[in-house]
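[1] Okay, here's the prediction I keep looking at, along with the sequence it came from:
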Amino acid sequence: MANSKNLYILGGHQTDFARNWSKENKHFVAMMREAVLGALASTGIEPKEIDVAHVGNFAAELYAKQGHLGAFFNEIDPAFSGLPTSRHEAACASGSIAILAASAELEAERYDLACVVGVEQMKTVGPGVGGDYLGTAAWYEFEAEGIEFPFPKLFGKLGDEYDKRYGLRDEHLAEISAINYDNAKHNPNAQTRTWYMNKDHAMSRDEHNGTIGGRIHISDCSQVTDGAAVILLASERFATAYAKRRGVPLSSIPRLKGWGHHTARLRFEDKVRESAGARFVLPHVRSTITDAFERAGVPDVSAIDGIETHDCFTTSEYMAIDHFGLTAPGESWKAVEEGTIAMGGATPINPSGGLIGAGHPVGATGVRQTLDAYKQVRGEAGDYQVEGAKTFATLNIGGSGTTSVSFVVGVD
């Protein structure tokens, strides 16, 4: 396995995920501009210093009737005219794939400073149409066409598979939801920071918490979100010069220490069939995480201070708990009951609120997770800071566990 060269995250920025940019009558490029200029301002980087830009986005062709998103980066500042850019799509993992592409170019020494922006404008259509658009992250013809809200149903099947193999209780999913909503109250950019939710409400099965599909209820779902997030990724050469001019030690700048990336078969039923008899329900997700650990020189999850994971539904976070190794396979409920994943626990999950609490602008999520990992290990997460955090992990998933990407971010 190839190890990563030293790559550094200099900082970044995200928009307020509670905003509705369609109601503001603003184009998605306005989101990109706000996030990019915010990242430059917070780091003291000049636009002319950016060597290359990568844009993560899932479905602007559907939501905004616009492709060729890489070119929109060049509209942000006159200094970007002629800058090499590209756009990357891998459903909900689009942002992380953009980071991987940028990191590969830096490791190849093509460039020294990359700007990675994830963006999605989703509130341009109603929930039914939006749910159909999201269905294109699955095998549309077989898993989504003509099905109302296909993805809640697919991730409901993930819960069903856990129930079949190991048993699964709704109260543990409800606790996961409650934790994410509670964490989001402390995040000034979280979409649900002013919303009401607790475990009792998440457990209710009435008109206030309706069924979306199968075992998935409203409280189990991530949000429909407009938003953009940016990180600035640098080579060791650039980061060394940057640290000197900022008067800080290079060791204080977070590194992208390790990464993992695997792609499983597209249809959920094929994934389940392949994993029959395996220890993990989604073995390729497990391998993604362990690859990231190995490249980062991390022995196991005990060396991780916190996790930002892909809770598109409570069942995906339940899966992540045992796939990260916080419990034995099928025993994720133990980490829920014992408070392991809560703030103040041994390994807090989604201090930001995650996708359920902070929001899920699909193409931006992987970048936002990595930015939050950066904030945590820098001690800059504010009211949702994990005390003493030095190493954070992410897990970003596209489709029904199809494309998975994990990063380990840390300071020495």
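    Perfect, I can see it now.
[2] Bridged to Arg87, which residues?
    Val55 (DSSP bridges).
[3] who's in contact with it?
    Counting by Cβ atoms under 8 Å, 6 or more residues apart in numbering, Arg87 touches 54-57, 67-70, 98. To be clear about C-beta, it is placed using only N, CA and C from the backbone, and glycine gets the same treatment.
[4] Out of the residues you listed, which end up buried?
    For the contacts of Arg87, a burial check counting by 16 or more other Cβ atoms under 10 Å picks out 54-57, 69-70, 98.
[5] follow-up on the earlier one: will you turn the contacts of Arg87 into JSON lines that also has pLDDT?
    Listed next are the contacts of Arg87 as JSON lines, based on pLDDT from 0 to 100:
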{"residue": "His54", "pLDDT": "98"}
{"residue": "Val55", "pLDDT": "98"}
{"residue": "Gly56", "pLDDT": "98"}
{"residue": "Asn57", "pLDDT": "98"}
{"residue": "Gly67", "pLDDT": "97"}
{"residue": "His68", "pLDDT": "97"}
{"residue": "Leu69", "pLDDT": "97"}
{"residue": "Gly70", "pLDDT": "97"}
{"residue": "Ala98", "pLDDT": "98"}
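[6] now the residues you listed as JSON lines including distance to Ile321?
    Formatted as JSON lines, the contacts of Arg87 follow (distance: Cβ to Cβ, whole Å):
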{"residue": "His54", "distance to Ile321": "30"}
{"residue": "Val55", "distance to Ile321": "31"}
{"residue": "Gly56", "distance to Ile321": "26"}
{"residue": "Asn57", "distance to Ile321": "29"}
{"residue": "Gly67", "distance to Ile321": "37"}
{"residue": "His68", "distance to Ile321": "39"}
{"residue": "Leu69", "distance to Ile321": "34"}
{"residue": "Gly70", "distance to Ile321": "36"}
{"residue": "Ala98", "distance to Ile321": "27"}
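[7] To what extent is Thr340 buried, counted in neighbours?
    As a burial measure, Thr340 scores 17 neighbours (other Cβ atoms under 10 Å).
[8] swap in Asp132?
    19.
[9] any idea which helix or strand carries it?
    helix 127-134 (DSSP states H and E).
[10] Past the helix or strand harbouring Trp259, which element shows up next along the chain?
    Taking DSSP H and E as the criterion, Trp259 maps to strand 255-263. Next along the chain after strand 255-263, taking DSSP H and E as the criterion, comes helix 268-274.
[11] so what does that next one touch, helix or strand wise?
    Contacts defined by 3 or more Cβ pairs under 8 Å, 6 or more residues apart in numbering; DSSP states H and E place helix 268-274 against helix 150-165.
[12] Strands along the stretch 301-412 of the chain, start to end?
    306-309, 391-398, 403-410 (DSSP state E, counting those that start in this stretch).
[13] With distance to Leu134 as added columns, please give those in TSV.
    TSV is the format used below for the strands of the stretch 301-412 of the chain (distance: least, Cβ to Cβ, whole Å):
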stretch	distance to Leu134
strand 306-309	19
strand 391-398	11
strand 403-410	15
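[14] Can you tell me which of those strands is nearest to Leu40?
    The closest of the strands of the stretch 301-412 of the chain to Leu40 is strand 403-410. By Cβ to Cβ, the value is 20.4 Å.
[15] The closest one vs strand 391-398, what angle?
    For strand 403-410 against strand 391-398, the angle by axes from the mean of the first three to the mean of the last three Cα atoms, to 10 degrees is 170 degrees.
[16] name the helices or strands packed onto strand 403-410?
    Going by 3+ Cβ pairs under 8 Å, 6+ apart, strand 403-410 lies up against helix 94-107, strand 255-263, helix 283-296, helix 365-378, strand 391-398.
[17] just so I have it, where are all the strands in the stretch 101-250 of the chain?
    Using DSSP E, counting those that start in this stretch, the strands of the stretch 101-250 of the chain run over 113-120, 211-213, 216-217, 227-235.
[18] Quickly, which of these bottoms out on average pLDDT?
    Within these, confidence is poorest for strand 211-213, with a mean of 89 (mean pLDDT).
[19] Give me the contact list for it.
    The contact list for strand 211-213 (Cβ under 8 Å, 6+ apart) reads 148-150, 152-153, 156, 205, 217-218, 220-221.
[20] out of these, which are buried?
    149-150, 152-153, 156, 217-218, 220-221.
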